[in-house]
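Student: return atomic coordinates for the entry below.
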Amino acid sequence: MKVRGLLTFLTLLLLLGSCAKMSEEERARKAQEYYAEAIKAFKEKDYKDAAWNFNEALKFMDYLTPQQLENAKFLLGKSYYLKEDYVNAVVALEDYVFYYPKLPRTEEAYYMLVESYIKVSPDPYRDQEYTWKAIDKAKEFLSKFPNSPFAPKVQALIEEAYRKIAKHELFIAKFYEDYGYPYSAAVRYREILINFSKYISEEEVAFRYIRCLLLSDRQVELEKEKVRDLLEDTKDKLKELKGEERKAVERRIKFLESEIKRWEMIGKRAREEALETLRKYREVYGETKYYIELKKLIEKKSWKS
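Tutor: Coordinates of the predicted model:
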């Protein structure tokens with residue numbers, strides 16, 4: 001019985017070894033079959049089928065040659081890019097430039113990656129995280145390959161990305177302006193003038209910037225009123241407290257009082273900045289319709305320009 005058991009065990013081992021050997025052969029065969037089908041599909045411009053087969057081949061990457069592996073990763077990213085599946089293109093191309101940072105066609109991979117990031121990013125009315133990533137990747141590319149034939153195309157993509165971000169920032173500034181927060185809008189318009197002057201109408205944005213500064217007293221009074229309400233509630237609580245709790249509330253009262261003063265200073269500086277910037281505006285653009293409108297607003301407020 002012991003001999004029969006031993007023979008059975010050895011037979012199982014031989015069978016398992018045989019299966020394992022066949023399994024290795026099967027995996028190697030599949031790797032080459034999928035790779036060959038992917039190359040064929042790519043040449044025929046069937047990029048959906050090419051991407052699928054490259055992905056399948058890469059599941060057996062241990063059975064691809066180093067040259068096949070590099071080619072599969074590159075053409076996978078390019079297949080996604082050419083079929084306008086930019087989300088998957090980003091993933092595949094990020095993988096390629098990470099593992100192959102110095103090959104000749106890494107430059108093309110970078111270009112496709114930058115454009116894919118821009119295509120993935122939503123319209124200017126939503127978050128522009130991927131547009132900023134596109135700019136970062138583009139600058140990374142230009143620092144590594146300044147003389148690349150793709151450099152002019154990548155530079156053009158940077159310009160496209162900045163125009164998109166400028167539109168996004170304008171949208172936010174106009175949102176603040178339309179919803180009654182002119183000082184917050186003015187801060188945004190100022191940043192746009194400093195950082196995105198190439199991509200906007202400076203004359204119009206400068207007009208909006210000055211106008212919002214002139215109207216900042218509306219937001220200042222609103223913010224002061226909010227703080228005053230908090231201050232009154234806090235003072236009422238103070239009557240019932242003693243010891244450390246009382247000291248904590250007293251510190252909060254001092255902070256709220258300082259907030260009122262801070263908003264008063266914001267209002268004063270906004271007015272001064274508006275008047276000074278308006279003088280510069282006239283020097284640069286002359287007495288345009290925008291300038292006349294701003295002068296009327298100042299006169300309405302009985303300010304001296």
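Student: figure out how far stretch 191-198 is from the centre of its chain.
Tutor: 18 Å (Cα atoms, centre = their mean, to the nearest Å).
Student: could you measure from Leu213 over to Arg188?
Tutor: 12 Å (Cβ to Cβ, to the nearest Å). All C-beta atoms are positioned from the backbone trio N, CA, C, and that covers glycine.
Student: okay, these two: which has more neighbours?
Tutor: Taking neighbours as other Cβ atoms under 10 Å, Leu213 and Arg188 compare with Leu213 leading, 28 against 24.
Student: grab the nearest non-local neighbour of that one.
Tutor: Counting by Cβ to Cβ, 6 or more residues apart in numbering, Ala274 is the residue found nearest to Leu213 once chain neighbours are left out, at 3.7 Å.
Student: now do the SS call for that neighbour.
Tutor: Using DSSP: H, G, I helix; E, B strand; the rest coil, the structure places Ala274 in helix.
Student: burial of it, as a residue count?
Tutor: Using other Cβ under 10 Å, Ala274 is surrounded by 25 other residues.
Student: try Pro149
Tutor: For Pro149, the count of nearby residues is 10 (other Cβ under 10 Å).
Student: just want the phi and psi numbers for it.
Tutor: phi -60, psi -20 (degrees, to the nearest 10).
Student: so who does the nearest residue to it once chain neighbours are set aside touch?
Tutor: Closest residue to Pro149 apart from its sequence neighbours, by Cβ to Cβ, 6+ apart: Glu107 at 7.5 Å. Counting by Cβ atoms under 8 Å, 6 or more residues apart in numbering, Glu107 touches Phe141, Phe145, Ser148, Pro149, Phe150.
Student: same question for Phe60.
Tutor: Arg27, Ala28, Lys30, Ala31, Tyr34.
Student: pLDDT below threshold where in the stretch 151-300 of the chain?
Tutor: Across the stretch 151-300 of the chain, no stretch falls below the confidence threshold (pLDDT under 70).
Student: now do the stretch 1-150 of the chain
Tutor: Within the stretch 1-150 of the chain, the stretches with pLDDT under 70 are 1-22, 122, 124-125.
Student: what about the helices in it?
Tutor: Applying DSSP state H, counting those that start in this stretch to the stretch 1-150 of the chain gives helices spanning 2-43, 47-58, 66-82, 86-99, 106-120, 129-144.
Student: pretty sure Tyr63 contacts Ser23?
Tutor: No: here Tyr63 lies out of contact with Ser23, judged by Cβ atoms under 8 Å, at a distance of 11.5 Å.
Student: the more surrounded of the two?
Tutor: Tyr63 (19 against 10).
Student: can you show me the helices along the stretch 151-300 of the chain?
Tutor: Counting by DSSP H, counting those that start in this stretch, the segments of the stretch 151-300 of the chain that form helices are 151-178, 182-195, 202-214, 216-238, 243-285, 289-300.
Student: put together a markdown table for those helices, with distance to Tyr86 on each row.
Tutor: Shown next, in a markdown table, are the helices of the stretch 151-300 of the chain (distance: least, Cβ to Cβ, whole Å):
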| stretch | distance to Tyr86 |
| --- | --- |
| helix 151-178 | 13 |
| helix 182-195 | 26 |
| helix 202-214 | 31 |
| helix 216-238 | 40 |
| helix 243-285 | 41 |
| helix 289-300 | 40 |
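Student: so which of those gets nearest Ala89?
Tutor: helix 151-178 (14.1 Å; Cβ to Cβ).
Student: return the residues in contact with the residue at minimal distance from the centre of the chain.
Tutor: Centroid-nearest residue in the chain: Glu129, 1.3 Å away (criterion: Cα atoms, centre = their mean). Glu129 makes contacts with Ser121, as judged by Cβ under 8 Å, 6+ apart.
Student: could you measure from it over to Leu278?
Tutor: 36 Å.
Student: next: Glu245.
Tutor: As judged by Cβ to Cβ, Glu245 and Leu278 stand 50 Å apart.
Student: compare these two (neighbour count), which wins?
Tutor: The residue with more neighbours, out of Glu245 and Leu278, is Leu278; 22 against 12, by other Cβ under 10 Å.
Student: what's the neighbour count on the closest residue to Gln68 other than its chain neighbours?
Tutor: Using Cβ to Cβ, 6+ apart and skipping residues adjacent in sequence, the residue nearest Gln68 is Tyr35, 5.8 Å away. A total of 25 residues lie near Tyr35 under the criterion other Cβ under 10 Å.
Student: does Tyr35 touch Met61 like I think?
Tutor: No: under the criterion of Cβ under 8 Å, Tyr35 makes no contact with Met61, lying 10.0 Å away.
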